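> can't give you the sequence, but here's the structure:
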C-alpha cells in the first residue's frame, strides 16, 4: 500500500488542542527562567512584567487582522499564504523561505539550550558529563518519531507537559502572593508609568516580544482543525491572552519574591539560575528540583511544537512547487506531513552536528544567536502580514468591518514596525555578540527572502494561473 499518495492533512483538533501546541512552542517556563531575568537586568528593571502587557496589546492588534483574514484564506501556510494573497506571489514565496529559516533557527536554539540544560540536570544528580549535542540528538530523534505520526499524539503529549510546567510556576506565584513577597511587600513597579518607561525600554520590549514567538502558528494547523473558521481565531486569542497572563503574573511574582531593587541585582548577578533559586527559597529543595526537571520538558515541548510547524510549512511549499513535490505528501494512515517531517528532522540533525564539530557553546552561541535570528525573522513576518491584511481587504472587499480590516491592522503594523526597529537597533545585545555578527544574521534572513523572490520568477511559467483574489 502506498502510504505517500495523499496531499492533504487530517485531524480534528479543537481550539484547546491548538492552544496547547502554540503555548508549548512559546515555552512559558523557559521564558520565566531565561528571558525574565535578562529583561529585569538589561531592560526596565522591576517594571519589566508590564512590558509583556504592552507587547500583548500590539500583538492583539495584529491578531485582529490575522484572524479576520483566516476566514477568507483556506490554505494552511499562515504567513506564507497570507502575504501571498495580500502582497503577491513573489513576496509570499519570499516570506515562506524567511519563515523556514526563522522557525529552523528557533528550533535549533531550543536544541542547544535543551542539551546544555539536560547535561546540567544529569550532573546535578551525580551523573556523568555528556556533550550537549548527544542529548540534543536523542531528543531530536524522539521529536522526529512524534512528528511523523498523527498530530493528535503530539497534542496530547504537549498538553500534559504544558500543564506540568505551568502548574509548578502557578503554585510558586500563589505562595509568593499569600506570603506577601519580600519584606518590602509585593511589587507595584508594573503599575508605575515612570518605571515602565525607565532604563532601556527598547531592550525590554525586545526581550518581551521574543517571548511570544510561537503564538502566531495557530493558522498553520488549519487543515487539521475542527471547524477552522471558528477554531483558529479562538485559539489565537486564547493563546495570546494566556501567555500574557502567565508571563506578567509569574515575572511579577519573581520580582515580589526579592523586592524591586534586590530582584534587579539578583538578575544581573546570576540570571541563569535566578528562577531556580527563587523557587527554592519559597518552595524548598523539592520545588527547585521540580523546576529543573520541568525546564527540560518545557524545552522538549517547544522543540516538538516547532517541529510540527516547520513540517507543515515544508508541506505547504511542497504542494505549491517551491520545494520538491515529495514534501507535499501526507501519510495515508497518520494524515501527517511525514516526508516533510523526516526532512526537517534530518536537516536539524545536520545543523546540530555542525554546531558540535565547530565547538559552539550551546547557550551563549547556539541559543543566543539562533533565538535572536528567530525574533528578528518573526517580527519581519508579522509586520508584512499586517500590511498584507490591509491590502487584501482593500482590494477584495471581502470584509467591510473597519476595525477588523483597517484600524486594528494599521495600528498593529505601526506597533510591530516600531518593535522591529527597536530590535534591529538593539540586535547585538539580543544575540550577545558583535555588530558584525548581527549584520551577518540580518543578511541571512534577507537572503532567504530574496531566494523566494528569485524562485518565484523561476517557477512562474508553471504557476501562470492566478486566482482573481490573489495578485501575481
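The structure has been received and is ready for your questions. All figures in this text were calculated on a predicted structure; none of them were measured in a lab.
> Remind me what the lowest-mean-pLDDT helix or strand in the chain packs against, helices and strands.
Across the helices and strands of the chain, mean pLDDT, DSSP states H and E gives its lowest value to helix 15-26, namely a mean of 82. Secondary structure elements in contact with helix 15-26, counted by 3 or more Cβ pairs under 8 Å, 6 or more residues apart in numbering; DSSP states H and E, are helix 151-179, helix 228-258, helix 274-320. C-beta here means a position set from N, CA and C on the backbone, and glycine is covered the same way.
> give me that answer again for 10 Å
Applying 3 or more Cβ pairs under 10 Å, 6 or more residues apart in numbering; DSSP states H and E, one finds that helix 15-26 contacts helix 89-124, helix 151-179, helix 228-258, helix 274-320.
> average pLDDT across the shortest one?
The average pLDDT within helix 151-179 is 86.
> Please name every helix or strand in contact with it.
helix 15-26, helix 28-30, helix 132-148, helix 228-258, helix 274-320.
> coming back round to it: select, out of the helices and strands packed on helix 15-26, the one closest to residue 351.
helix 89-124 (5.4 Å; Cβ to Cβ).
> counting contacts, what elements does the closest one pack onto?
Helices and strands touching helix 89-124, as assessed by 3+ Cβ pairs under 10 Å, 6+ apart, comprise helix 15-26, helix 28-30, helix 79-87, helix 132-148, helix 274-320, helix 338-357, helix 368-396, helix 435-459.
> Give me the angle between the fifth one and helix 89-124.
Comparing the axes of helix 274-320 and helix 89-124 via axes from the mean of the first three to the mean of the last three Cα atoms, to 10 degrees yields an angle of 140 degrees.
> Tell me who's in contact with residue 132.
Residues counted as contacts of residue 132 (Cβ atoms under 10 Å, 6 or more residues apart in numbering) are 111-120, 352, 355-356, 360-363, 366.
> For it, which non-adjacent residue is spatially closest?
What sits nearest to residue 132 in space, not counting adjacent residues and going by Cβ to Cβ, 6 or more residues apart in numbering, is residue 115, at 3.3 Å.
> now the one you found: how far from residue 424?
The spacing between residue 115 and residue 424, counted by Cβ to Cβ, to the nearest Å, is 29 Å.
> Looking only at neighbour counts, state which of the two leads.
Each of residue 115 and residue 424 has its neighbours counted (other Cβ atoms under 10 Å); residue 115 has more, 29 against 15.
> Can you check what pLDDT the model gives the more buried one?
Per-residue pLDDT puts residue 115 at 93.
> which residues does it contact?
Residue 115 neighbours (Cβ under 10 Å, 6+ apart): 130-140, 299, 352, 355-356, 362-363, 366-367.
> ok, residue 97 touching residue 444?
No. Checked against Cβ atoms under 10 Å, the pair residue 97 and residue 444 is beyond contact range at 11.0 Å.
> When these two are compared, which one has more neighbours?
Between residue 97 and residue 444, counted using other Cβ under 10 Å, the more crowded position is residue 97 (24 against 15).
> Just the buried residues of the helix or strand hosting residue 57, please?
For residue 57, the element it lies in under DSSP states H and E is helix 48-70. By neighbour count on 16 or more other Cβ atoms under 10 Å, the buried set for helix 48-70 is 48-52, 54-56, 58-70.
> just the angle between that helix and helix 79-87, please?
Helix 48-70 runs at 60 degrees relative to helix 79-87, counting by the same axes, to 10 degrees.
> With distance to residue 391 added, can I get the helices and strands packed on helix 151-179 in CSV?
Formatted as CSV, those follow (distance: least, Cβ to Cβ, whole Å):
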stretch, distance to residue 391
helix 15-26, 26
helix 28-30, 34
helix 132-148, 34
helix 228-258, 20
helix 274-320, 20
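> among these, which is nearest residue 348?
When those are compared by Cβ to Cβ, helix 132-148 sits nearest residue 348, at 5.8 Å.
> and the closest one with helix 274-320, angle?
If you take the same axes, to 10 degrees, helix 132-148 sits at 50 degrees to helix 274-320.
> pLDDT weak spots in the stretch 201-350 of the chain?
By pLDDT under 70, the weakly predicted segments of the stretch 201-350 of the chain are 328, 331-332, 334-336.
> rewinding a little: what helices or strands is the helix holding residue 57 leaning on?
Partner elements for helix 48-70 (3+ Cβ pairs under 10 Å, 6+ apart): helix 36-42, helix 79-87, helix 193-196, helix 201-210, helix 228-258, helix 260-269, helix 368-396, helix 408-425.
> at 7 Å instead, please
Helix 48-70 sits against helix 36-42, helix 201-210, helix 228-258, helix 368-396, helix 408-425, with contacts defined as 3 or more Cβ pairs under 7 Å, 6 or more residues apart in numbering; DSSP states H and E.
> out of the ones you listed, deepest packed?
Of all the helices and strands packed on helix 48-70, helix 36-42 has the most neighbours on average by mean count of other Cβ atoms under 10 Å, namely a mean of 26.
> elements contacting it?
In terms of contacts (3+ Cβ pairs under 7 Å, 6+ apart), helix 36-42 is packed against helix 48-70, helix 201-210, helix 260-269.
> Any idea which of the ones you listed gets closest to residue 276?
Of all these, helix 260-269 sits nearest to residue 276, with 11.8 Å by Cβ to Cβ.
> Would you mind getting the angle between that closest one and helix 48-70?
Using the same axes, to 10 degrees, the direction of helix 260-269 lies 70 degrees away from that of helix 48-70.
> what residues does helix 260-269 touch?
Outside of helix 260-269, the residues within contact range by Cβ atoms under 7 Å, 6 or more residues apart in numbering are 37, 40, 41, 45, 46, 182, 187, 189, 254, 255, 258, 274.
> buried ones in it?
Buried residues in helix 260-269, counted by 16+ other Cβ under 10 Å: 260, 263, 264, 266, 267.
> Quick check: chain neighbours aside, which residue is closest to the first one?
Excluding its sequence neighbours, the residue lying closest to residue 260 (Cβ to Cβ, 6+ apart) is residue 46, at 3.7 Å.
> Count residues in the vicinity of residue 126, would you?
Using other Cβ under 10 Å, residue 126 has 6 other residues around it.
> Residue 126 looks like it's in a helix, true?
No. Counting by DSSP: H, G, I helix; E, B strand; the rest coil, residue 126 falls outside a helix, being coil.
> The helices and strands packed on helix 89-124: which one's closest to residue 126?
That would be helix 274-320 among the helices and strands packed on helix 89-124, by Cβ to Cβ, at 13.1 Å.
> counting contacts, what elements does that closest one pack onto?
Checking 3+ Cβ pairs under 7 Å, 6+ apart, helix 274-320 ends up next to helix 15-26, helix 28-30, helix 89-124, helix 132-148, helix 151-179, helix 228-258, helix 338-357.
> For residue 415, which of these is the nearest?
The nearest among the helices and strands packed on helix 274-320, by Cβ to Cβ, is helix 228-258 at 13.8 Å.
> The closest one packs against which elements?
Taking 3+ Cβ pairs under 7 Å, 6+ apart as the contact cut, helix 228-258 packs with helix 15-26, helix 48-70, helix 151-179, helix 260-269, helix 274-320.
> give me the number of residues near residue 400?
Residues within reach of residue 400, counting by other Cβ under 10 Å, total 9.
> Distance of it relative to residue 112?
Counting by Cβ to Cβ, the gap from residue 400 to residue 112 is 47 Å.
> what do you get for residue 365?
In this view, residue 365 and residue 112 are 8 Å apart by Cβ to Cβ.
> Which of these two has more residues huddled nearby?
A side-by-side neighbour count of residue 365 and residue 112, using other Cβ under 10 Å, places residue 112 first with 29 against 18.
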